[in-house]
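A.B. asks: Kindly generate the corresponding structure for this input.
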Amino acid sequence: MSSKPALGPGLALASMGAVAFSGKAIIVKLAYRHGVDAVTLIMLRMLFALPLFLALAWWAGRGKPALTGRDWRVILGLGFTGYYLASFLDFAGLAYVSASFERLILYLNPTLVLALGWLIFKRRVSGRQLLALGLSYAGVLLVFGQELHLQGGNVWLGAALVFGSALSYAVYLLFSGEEVQRLGSLRLTGLATTVACLLCIAQFLLLRPLHGLLEVAPAVIWLSVLNATACTFAPVLMVMMAIERLGASMAAQTGMIGPMSTILMGVVLLGEPFTPWVALGTLLVLAGVWLLARWR
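C.D. replies: Presented below is the predicted three-dimensional model:
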């Protein structure tokens, strides 16, 4: 009699990965309280993450064919869009919006992949998928109205930056499929994120004086170490291992706890308000993304 693998370890990995990813926004908001700017903060995160992703790329590439010129060009492009640009826009946007609203916008990612597939590759979109999209964006608009009321006009800028982050990562997802098949997900992630780390460090060296690091509060350094390890590198591994055990679809659905954990941590750690409008908007976003995955 054949036995199916237990779902417990895979579900635990997917859940912990989703919660760890969500903690990134909380750490960034805490760091901003110490007067650091987005360019410096993302550089510190990527500086501490760089050795980890270099090691991942080396480990995942052992015994594999050498990279071709085409591979390197694709990796550079994917590293720029999927990890450098998406991360920088996200960090910049968090200066103006709450952590919970940021997570809801980023959770629209599957809807953006669907829309880009329709625009670029003329993929068919069904009526049910349009309904799921409508639910998700209605939820974001509800929470946006609440944010605008509480935070003021800068919410427009913050929401645009975070939406740009989600769009940039959707481009990465849309064009990374073939390279994932060629290189493997761990090797591609290690290489593309290494590119992003180097770009973030170069951006800091071009835009900020090096002696400015001496003025960074010690708390920001430790928060960046935590961000690089517990909220960047560790969840990448956990989600990849969860996908191996559960499959991409179930792992993605388990990731729905991410926005909920961000809202909870935002209320407890940051003192962010939790109103009926935020609750309703969150439910609409989660329902829309869940239906989109179910009807795909």
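A.B. asks: Not counting its neighbours along the chain, what's nearest Gly117?
C.D. replies: Nearest in space to Gly117, with sequence neighbours left out and distances taken as CB to CB, 6 or more residues apart in numbering, is Arg123 at 4.1 Å. (C-beta placed from N, C-alpha, C; glycine too.)
A.B. asks: Could I get the full set of strands for the stretch 1-150 of the chain?
C.D. replies: Using DSSP state E, counting those that start in this stretch, the stretch 1-150 of the chain contains no strands.
A.B. asks: Would you state the helices of it in chain order?
C.D. replies: Counting by DSSP state H, counting those that start in this stretch, the stretch 1-150 of the chain has helices at residues 8-32, 38-60, 69-78, 86-93, 99-106, 109-121, 127-151.
A.B. asks: Of the ones you listed, which stretch is the most buried?
C.D. replies: helix 99-106 (a mean of 27; mean count of other CB atoms under 10 Å).
A.B. asks: Residues contacting stretch 21-41, please?
C.D. replies: 88, 91-92, 94-95, 98-99, 102-103, 203-204, 207-208, 212-213, 216-217, 219-220, 223-224, 226-227, 230-232, 235, 239, 255, 258-259, 261-262, 265-266, 269-270 (CB atoms under 8 Å, 6 or more residues apart in numbering).
A.B. asks: Give me the below-cutoff pLDDT ranges for the protein.
C.D. replies: 1-7, 243, 246-253, 295-296 (pLDDT under 70).
A.B. asks: circling back: and the residue nearest to Gly117, how far is that from Ala166?
C.D. replies: For Arg123, the distance to Ala166 (CB to CB, to the nearest Å) stands at 19 Å.
A.B. asks: Of these two, which one has the most company?
C.D. replies: Higher neighbour count among Arg123 and Ala166: Ala166, with 22 against 11, using other CB atoms under 10 Å.
A.B. asks: That one is in what secondary structure piece?
C.D. replies: If you go by DSSP states H and E, Ala166 is part of helix 154-183.
A.B. asks: Quick check: buried residues in that helix?
C.D. replies: Counting neighbours by 16 or more other CB atoms under 10 Å, one finds that the buried residues in helix 154-183 are 155, 158-159, 161-176, 179, 182-183.
A.B. asks: next helix or strand past that helix?
C.D. replies: helix 185-207.
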